[in-house]
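> model this:
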Amino acid sequence: MGRHLRRRDTVIPTTSGASADQRLVPHQRRATVMSNSWEIKNRLCDAVNAHDLHRVLECYSPDAVLVGPAGVAEGYEQIAWYYEHLFKGFPDFHQTAWFEVACDEPAVTEWTITGTHMGPLLLPDGRELEGTGRRITVRASCAAHIADGLIVTHREYFDQLELYSQLGFGLTRIDGSTV
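Residues are numbered from 1 along each chain as shown. Below is the predicted model:
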């Protein structure tokens, strides 16, 4: 079986027609080393907002690790899977940085993310929620460690309850009653 995106208790297969080297490795890496972490973070933000997967991957080290509520993605293939599903689930996904911590390492940013849920979204139990057509606005933060001008670790944080409530979910008590 191909490579997998790790979740807390679930393993999610990634698609793999071609190898990661053939399919997902950026064709041309920029020759210049970034002078600071903020330049690479700004490049990543621009690439994500453009939904440009190759430009997104140009920001990451080949063995980078992306950690978020959906699980852990390691390397180009899994990081590409993460962003492909984000862009498919929220075709108008956009992030706006509104606060950046004044240090280079790690580079910490607070964001507002917006989008309309039109495609599958991975749920914490491993199931997928089909598109609801609902618009979301969620505050998020991330911390990235940069080495040699590339992201080596990227950690995303957001209030999952805020997201799921905007998608129409409610709380259920362990005994099955609703809150």
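
> drop to CA atoms for contacts and neighbour counts, all remaining ones
Will do.

> in the chain, which spans are helices?
With helices called from DSSP state H, the chain shows them at 20-23, 37-49, 53-57, 75-89, 160-166.

> just so I know, which of these lies nearest Ile174?
helix 160-166 (16.1 Å; CA to CA).

> Name the residues that touch the closest one?
Pro69, Arg134, Arg135, Ile136, Thr137, Val138, Gly170 (CA atoms under 8 Å, 6 or more residues apart in numbering).

> Ok, stretch 107-119 next?
So stretch 107-119 is contacted by 37-38, 41, 88-101, 129-146, 167 (CA under 8 Å, 6+ apart).

> List only buried entries from these.
37-38, 41, 88-96, 131, 135-146, 167 (16 or more other CA atoms under 10 Å).

> low-scoring pLDDT stretches of the protein, where are they?
1-35, 100-104, 178-179 (pLDDT under 70).

> again, only using 80
1-38, 70, 99-105, 124-125, 172-173, 175-179 (pLDDT under 80).

> quick one, strands of the protein?
Ranges of strands in the chain, per DSSP state E, are 4-6, 11-13, 60-68, 71-74, 94-100, 107-116, 121-122, 128-129, 135-147, 150-158.

> what distance separates the fourth one from the centre of its chain?
Relative to its parent chain, strand 71-74 has a centroid offset of 9 Å by CA atoms, centre = their mean, to the nearest Å.

> sorry, back to before: make JSON lines from the helices of the chain and add distance to Pro106 to it.
Formatted as JSON lines, the helices of the chain follow (distance: least, CA to CA, whole Å):
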{"stretch": "helix 20-23", "distance to Pro106": "27"}
{"stretch": "helix 37-49", "distance to Pro106": "8"}
{"stretch": "helix 53-57", "distance to Pro106": "19"}
{"stretch": "helix 75-89", "distance to Pro106": "19"}
{"stretch": "helix 160-166", "distance to Pro106": "23"}
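
> What is the burial count for His154?
21 (other CA atoms under 10 Å).

> which ones are touching it?
With CA under 8 Å, 6+ apart, His154 has these contacts: Ala64, Val65, Leu66, Val67, Cys142, Ala143, Ala144, His145.

> Enumerate the beta-bridge partners assigned to it.
Here His154 sits in beta bridges with Leu66, Ala144, going by DSSP bridges.

> before we move on, the earlier item: quick one: which two of the contacts of His154 are the most distant?
Across the contacts of His154 (CA to CA), the longest gap, 14.8 Å, separates Ala64 and Cys142.
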